[in-house]
Every structure is written in structure tokens, then in C-alpha cells.
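1. Predicted model, plus sequence, below.
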Amino acid sequence: MTVRFAVVGTPGDRRVALFRAAVLARGLAEPSLVSWRDVLAGREIGAPAGALLRIDSPGEDAESDALLRGPGDPARVGGGASWYAAFTKGLARVAAIPGVELLGDVGEIAVMFDKRSCHAVLDRAGVPVPPAFPAGSYDELRERMAERGWARVFVKPAHGSSASGVVAFQAHAGRVKAVTSAAWLDGVLRNSLKLRAYEDEEGVRALVDALAPDGLHVERWFPKASIDGRAYDLRVVTVAGTPTHAVVRVGRGPMTNLHLGGERGDLDVVRSRPALWTRVLDACAGAAACFPGSLATGVDVMVGADLRSVAVAEVNAFGDLLPGLGDLSGNERDTYAEQVKAVIDGHARRRGQP
Ligand SMILES: Nc1ncnc2c1ncn2[C@@H]1O[C@H](COP(=O)(O)OP(=O)(O)O)[C@@H](O)[C@H]1O
Ligand SMILES: [Mg+2]
């Protein structure tokens, strides 16, 4: 039996192109594409019999976004609850495609896209995570922070990604400060590519209360290690349970997401410390073990300012878009080549070959 891939993605998306290139580089047949637009619009979908079906992100596609969140400015913040309901419905349609073998577990993908569930799963498995609570309003946020004696937290929309609506919040001695990339424009909260600080309490309340209806996951602020005064974390990709690729992301503010001005840093700041590096890899392998049905995961893992502690901020189901990044073993396989190899090796093993 030859290996035949299919991909759920968006036509023209970079992820689809990179995966396709990795498949063709192994001399395998052109992967067929199942469009997220068709999945979400309820149109007929299918894939060749026996295909191994990779589920990837819809990407930054306005048409899919409108099907997921409803019509509106794709740059607006919010709508996470509608997005999630439509997305999980789409996943169920994908899981029902007859005759294919899924390379991702749709239930696991759904957990990874709910920061509250994902955090709970990691915590139960003993993976280090910052302590957390859910909140439904600004007042509840303040109440629960006060109960715990926490002055600094990260407020995250439960179904957010790419730092959309994430707020780094602190309250000291009657003063508040909220740092976020969300900004009001004509009465609509939108993602900007710039972090800004809000220091008036009514403004912060309006911001948090606008985000709250989609569900908020609040974590204690984990003091991150820094390079030249700039906090960093790592994105580690695991393939078949093993950490295979890692980048250091050095932030311009409390968030390190690359589109907010974060930059790739020198991995040696972590890798040259064997005990710390082992802790990072163990946390990521532990996180991946919570999602055994997922061929790849993208773990956002933070290193503490003490250069000892580590904590996982989130696990991304579609966190493998790191173009041109070679693997940790030095074989110069990118994240896509690594996954194609893992599938081929796994298939060979299942068929009793070496
Ligand atoms: N508890 C935390 N303490 C400190 N920094 C955090 C915490 N949680 C997240 N961050 C920072 O904020 C960024 C965005 O958070 P993350 O959970 O990855 O959400 P997103 O899905 O928006 O990327 C992370 O990359 C990390 O640098
Ligand atoms: Mg992240």
C-alpha cells in the first residue's frame, strides 16, 4: 500500500503549500485538498479512499472566518464562542469523511482550542502550568485576583489565538494597567499589530467586559526569563510525541507572538543549560502526551526568570508553521518533512517493515 495524503486547509494557504512540498519531496502523490470553506459551508466534501487526512488551520481566510464567526471585519476581536461552535461542527464533518484515516484527533483539537480545557488537561497530567481560574466579567476578575492575592495575571479569551484579545493585567495600590494588542476603532474592538497600555480603570473594565462573553481563562502572570531586558518564551513543535523543533521568541512586551514584533532569539540561551533544557523538553513531551492522537502539537513554553522553572502557556493544534526551521537533531527537516517522515515510518512499522 502506498501512502496517500489529503489535507483539510484553505486553497493557496502557505501551510498547505509547505506540507505539499514535503510530501512531493518524498516522491509521494500530490495530496488532495479538502477546503475548510466547503467544510464550513456544509458543501459536499470527500477524499480519496485510504488517504491519510491531515487537518490543518483554516488560516487567515476571510471567507472561512465569516463562516466561523459570522460576517464582519476579520480583524475584529471576539466572537470566539461562535467561532468555536462552528469550528467543532466542522471538525465533526471532517471526522465523518468516509474511507480516510485521520492524522489528527478532532476531540483533541477541540480541547486545544479551549484554553480552559487544555489547561485542565495539562494540569491533571502534571505538566507545569501557571495556576488559573475562569472569569465572566471585570468585577469577577478583580474579586478572584483579590481572593488569591495575585497582582498580575494574563487574561485570555478561551478560544483565542495569535494573542487576539489577550490582556496582560496588573493591579497595585489602586492603580491598574492592561497591556494588549486590542484597540477600539469606531466602537469595535480590533486587533492591531501593536501592544498598548490602558491605565484608566473604566477603560480596562470596558475592555475585559467586551471580551468576557466568549469566556475568559485567567492565569497568574508567570515571570519570564529575558534576554537584554526582553522577556522570551519558546514555541516547541512535537511530532509523534517527541519535541523536534524549537524557537526562542523574544517579545517587545509581555507577549512574545512573532506578529506583535516578537523576534526569533538564540536557542542556545536555553539549550546551553542542560538541566533547564531537559525541563523544557520534558514539559513539552508531557504536553504532547496529553494529545496522543495528534501527529504534531505546538507548545508555547515559558522559562522562569529564575532560569529553573518552566510553565506551558498553551498547546496549539496548528502550531507547526515555522518555515525553514530545521529539526533539533540537525537533519535539516522542517516541521512538515518531520511529520511526513513520522507517518511513513509509522506505516512501515505497522506493516511489519523495519
Ligand atoms: N501566564 C502567563 N505568564 C506570562 N506570560 C504569559 C502567560 N500566558 C501567556 N503569556 C505570554 O503571552 C503570549 C500569548 O499567550 P498564549 O497563551 O500563547 O495565547 P495565544 O493563543 O494568543 O498565542 C505567550 O506567548 C506568552 O509569551
Ligand atoms: Mg500562543
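-> Right, received. Where do you want to start? A quick note: this is a predicted structure, and the numbers were derived from the prediction, not measured. Ligands and ions are numbered 1, 2, ... in the order given.
2. all contacts plus neighbour counts: C-alpha atoms, from now on.
-> OK.
3. Who are the contact partners of the residue in the stretch 51-200 of the chain that ligand 1 sits nearest to?
-> Nearest to ligand 1 in the stretch 51-200 of the chain, going by C-alpha to the nearest ligand atom, is Ala163, at a distance of 2.9 Å. For Ala163, the contact set (C-alpha atoms under 8 Å, 6 or more residues apart in numbering) comprises 181, 255, 257.
4. Let me see the ranges of the strands in the stretch 201-350 of the chain.
-> Ranges of strands in the stretch 201-350 of the chain, per DSSP state E, counting those that start in this stretch, are 216-220, 226-227, 230-239, 242-250, 263-265, 296-303, 310-316.
5. Just want the angle from the last one to strand 296-303.
-> Using axes from the mean of the first three to the mean of the last three C-alpha atoms, to 10 degrees, one finds that strand 310-316 and strand 296-303 are set 150 degrees apart in direction.
6. tilt between strand 310-316 and strand 230-239?
-> Relative orientation of strand 310-316 versus strand 230-239 (the same axes, to 10 degrees): 60 degrees.
7. got it, and the fourth one?
-> Using the same axes, to 10 degrees, the interaxial angle of strand 242-250 with respect to strand 230-239 works out to 160 degrees.
8. Quick check, pLDDT for Arg351.
-> pLDDT recorded at Arg351 is 66.
9. CSV for the contacts of Ala163, including distance to Asp345 and pLDDT?
-> Formatted as CSV, the contacts of Ala163 follow (distance: C-alpha to C-alpha, whole Å; pLDDT from 0 to 100):
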residue, distance to Asp345, pLDDT
Ser181, 42, 95
Met255, 37, 94
Asn257, 33, 92
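10. Dump those residues into a markdown table; add distance to Arg350 and neighbour count as well.
-> Output for these, formatted as a markdown table (distance: C-alpha to C-alpha, whole Å; neighbours: other C-alpha atoms under 10 Å):
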| residue | distance to Arg350 | neighbour count |
| --- | --- | --- |
| Ser181 | 47 | 22 |
| Met255 | 42 | 25 |
| Asn257 | 38 | 22 |
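11. Spit out the contact partners of the closest residue to Gly50 other than its chain neighbours.
-> Once flanking residues are discounted, Gly50 sits nearest to Val100: 5.0 Å by C-alpha to C-alpha, 6 or more residues apart in numbering. By C-alpha under 8 Å, 6+ apart, the contact list for Val100 reads 47-53.
12. So which of those residues are in strands?
-> Among the contacts of Val100, DSSP state E puts 52-53 in strands.
13. Next to ligand 1, which bits of this structure? Give me the list.
-> By C-alpha under 6 Å from any ligand atom, the residues of the chain that approach ligand 1 are 130, 154, 160-164, 166, 219-223, 233, 255-257, 300, 313-314.
14. Would you mind checking those for buried ones?
-> Buried members of those, counted by 16 or more other C-alpha atoms under 10 Å: 130, 154, 160-161, 163-164, 166, 219-222, 233, 255-257, 300, 313-314.
15. Could you check how far Thr242 is from ligand 1?
-> Distance, Thr242 to ligand 1, by C-alpha to the nearest ligand atom, to the nearest Å: 20 Å.
16. Check the gap between that residue and Gly149 for me.
-> As judged by C-alpha to C-alpha, to the nearest Å, Thr242 and Gly149 stand 37 Å apart.
17. now swap in Gly298 and tell me
-> Separation of Gly298 from Gly149 (C-alpha to C-alpha): 32 Å.
18. out of those two, which sits in the busier spot?
-> Neighbours around Gly298 and Gly149, counted as other C-alpha atoms under 10 Å, are more numerous at Gly298. The numbers are 25 against 9.
19. The more buried one touches Phe318, doesn't it?
-> Yes: when contacts are counted by C-alpha atoms under 8 Å, Gly298 is listed as touching Phe318 (6.8 Å).
20. where along the stretch 151-300 of the chain do the helices fall?
-> For the stretch 151-300 of the chain, the helices defined by DSSP state H, counting those that start in this stretch occupy 201-211, 268-271, 274-289.
21. so can I have TSV of the ones you listed showing mean pLDDT and mean neighbour count?
-> Shown next, in TSV, are the helices of the stretch 151-300 of the chain (pLDDT from 0 to 100; neighbours: other C-alpha atoms under 10 Å):
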stretch	mean pLDDT	mean neighbour count
helix 201-211	97	18
helix 268-271	98	14
helix 274-289	98	20
